[in-house]
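K.L.:
quick one, fold the following:
(one chain, ligands or ions: 1)
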Amino acid sequence: MRFDILTLFPEMFTGPLTSSILKRARERGVIEVNLVNIRDYSTNKHHTVDDTPYGGGAGMVMGPEALTNAIENVVGRYGQSSHRVLLMCPQGRPFSQALAMDLAGEKNLLLICGHYEGIDERVRETMVTDEISIGDYVLTGGELPAAVVVDAVARLLPGVLGEAASFEEESFQTSLLEYPHYTRPREYRGQMVPEVLLSGHHEEIRKWRRRHSLLRTLARRPDLLEQAELTREDKAILREVLQDLASLDLD
Ligand code: 4GY
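P.N.:
Below you'll find the predicted structure:
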């Protein structure tokens, strides 16, 4: 899969792209990342890309010319009619595992990293296919969100994680939070690993993990339970916990 990232600060991607899993995925050719400096497409004398907002007000706006030239250059290179053009902005659709899985089905993705107060609305209207937000907070630019999207999408591609990676079991893909994980030593500063995990009873371990996924989700993200596919066994566990809670004497 190929990612083209349009940015004024390509150096912001150096860390994420040259470390760990993404580094290896690039070396193996499973992903290719092309960093495009939007400034290279500015046609004015001082190579500026921002201008003052019509209507007045503080800050600057990223103008349409350089950005449009950069997008057209990238999209034109692949001649793909369906090329998705992503804009990272707080007004976008909330990023999720489901959206990452959808994006992982594409051959190419173009990500636009906005700066200043934002990009000229006409570019958004005519060139952008998907506006994506990684959360309800405002960053200084779209670079960190773009790195988040590349990371979440890349790890879903075949050959990026070890073969042990089974996405079925994973948090959010099943709409449940992960169960607690432990490794050696069995005792650490007086804290023991739950006995069942040392027992070798695979069925008991499976049940313990499922139970703790459910309990964690109920305690921390009850909203996720609505979309979760719950088995009869899951429902029995939740029913029991909720009954115990209901019978607490809080007076
Ligand atoms: N949150 N999710 C986000 C962001 C920075 C002004 C447009 C976010 O996705 N992007 O905060 N982006 C803004 C800064 C220009 C991008």
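K.L.:
surely I71 forms part of a helix?
P.N.:
Yes. Under DSSP: H, G, I helix; E, B strand; the rest coil, I71 falls within a helix.
K.L.:
show me what the strand or helix carrying L218 is packed up against.
P.N.:
Here L218 sits within helix 202-220, counting by DSSP states H and E. Packing partners of helix 202-220 (3 or more C-beta pairs under 8 Å, 6 or more residues apart in numbering; DSSP states H and E): helix 222-225, helix 232-246. In short, each C-beta sits where N, CA and C put it, glycine included.
K.L.:
tell me the helices and strands packed up against the first one.
P.N.:
In other words, helix 222-225. Helix 222-225 makes packing contacts with helix 202-220 when contacts are defined by 3+ C-beta pairs under 8 Å, 6+ apart.
K.L.:
L215 reaches V241, doesn't it?
P.N.:
Yes. Using C-beta atoms under 8 Å, L215 is in contact with V241, at 6.7 Å.
K.L.:
so for stretch 66-81, mean pLDDT?
P.N.:
Mean per-residue pLDDT for stretch 66-81: 92.
K.L.:
tell me which parts of the chain are close to the ligand?
P.N.:
Contact residues (C-beta under 6 Å from any ligand atom) of the chain with the ligand: 88-90, 114-115, 118, 133-135, 137-139, 141-142, 145.
K.L.:
now rank those residues by neighbours and give me the top one.
P.N.:
G142 (30 neighbours; other C-beta atoms under 10 Å).
K.L.:
I figured it hits I112, correct?
P.N.:
Yes. Assessed by C-beta under 8 Å, G142 is found in contact with I112 at 6.7 Å.
K.L.:
which residues do those two both contact?
P.N.:
Both G142 and I112 are in contact with 87-88, where contact means C-beta atoms under 8 Å, 6 or more residues apart in numbering.
K.L.:
quick one, helices of the protein?
P.N.:
Secondary structure of the chain (DSSP state H): helices at 14-17, 20-27, 64-78, 97-103, 121-127, 143-154, 202-220, 222-225, 232-246.
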